[in-house]
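Chemist: show me how the following folds:
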Amino acid sequence: MVFVKGASYAQIVLGDFRETFLCYHAFWRRGDYERQWRNGLRKICGHDRTSALVTVMYPPSKGGCFIWWPMYKQGREVLFQNHLMQFDKLDSPFDPRNPYPHIPEFKEENEAGQKISTWSVPLDEIKHFYRRMQSQQQTDRRDAPRRPFPPRRR
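Modeler: The predicted structure follows:
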């Protein structure tokens with residue numbers, strides 16, 4: 001992610017497909033998105049059959065929405081779809097720390113019979129990316145500036 005005032009640029013890469021987007025900071029900050037992506041990837045790399053990556057989170061108020069990429073594990077592949085979800089259309093209250101109960105059932109077509117765009121990525125590639133992401137997080141922590149001494153009290 002690249003910091004932009006009020007938003008962060010990010011990119012999702014699914015095989016040959018790339019999409020660059022802005023993660024707006026109206027409700028979540030950069031760290032919230034990064035935390036959710038690590039958690040979403042951990043879930044799909046583990047035993048969960050579904051997970052998601054949130055790309056835009058607006059305040060969960062009446063008329064608000066979020067944009068995400070639900071992931072559906074099928075064998076050694078993970079299927080991705082891009083969805084816009086409106087808070088007032090959800091069946092149950094939304095918890096931004098746990099969006100996963102709102103992952104819709106996988107469908108190949110929408111209600112109008114149109115094919116829903118779906119990308120397939122080998123699970124091993126997602127696991128590789130997740131390990132790199134975890135490694136980078138540990139490096140970032142190690143390289144973070146440290147105070148040599150505790151602050152003095154006055």
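
Chemist: helices along this protein, start to end?
Modeler: 30-45, 123-143 (DSSP state H).

Chemist: ok, now which ones touch Ile67?
Modeler: The contact partners of Ile67, by Cβ atoms under 8 Å, 6 or more residues apart in numbering, come to 21, 54-56, 82-85. Where C-beta positions appear, they are placed from N, C-alpha and C, glycine not excepted.

Chemist: 6 Å - rerun?
Modeler: With contact set as Cβ atoms under 6 Å, 6 or more residues apart in numbering, Ile67 has these partners: 55-56, 84.

Chemist: which one of those sits in the busiest neighbourhood?
Modeler: Thr55 (21 neighbours; other Cβ atoms under 10 Å).

Chemist: could I get the contacting residues of that residue?
Modeler: Contacts of Thr55 by Cβ under 6 Å, 6+ apart are 21, 67.

Chemist: if I look at it, how far off is Tyr72?
Modeler: 17 Å (Cβ to Cβ, to the nearest Å).

Chemist: same check, this time on Val121
Modeler: Taking Cβ to Cβ, one finds Val121 at 11 Å from Tyr72.

Chemist: quick one: which of those two has more around it?
Modeler: The neighbour count for Val121 versus Tyr72, taken as other Cβ under 10 Å, is higher for Tyr72 (21 against 17).

Chemist: per-residue pLDDT of that one, please?
Modeler: The model reports Tyr72 with a pLDDT of 98.
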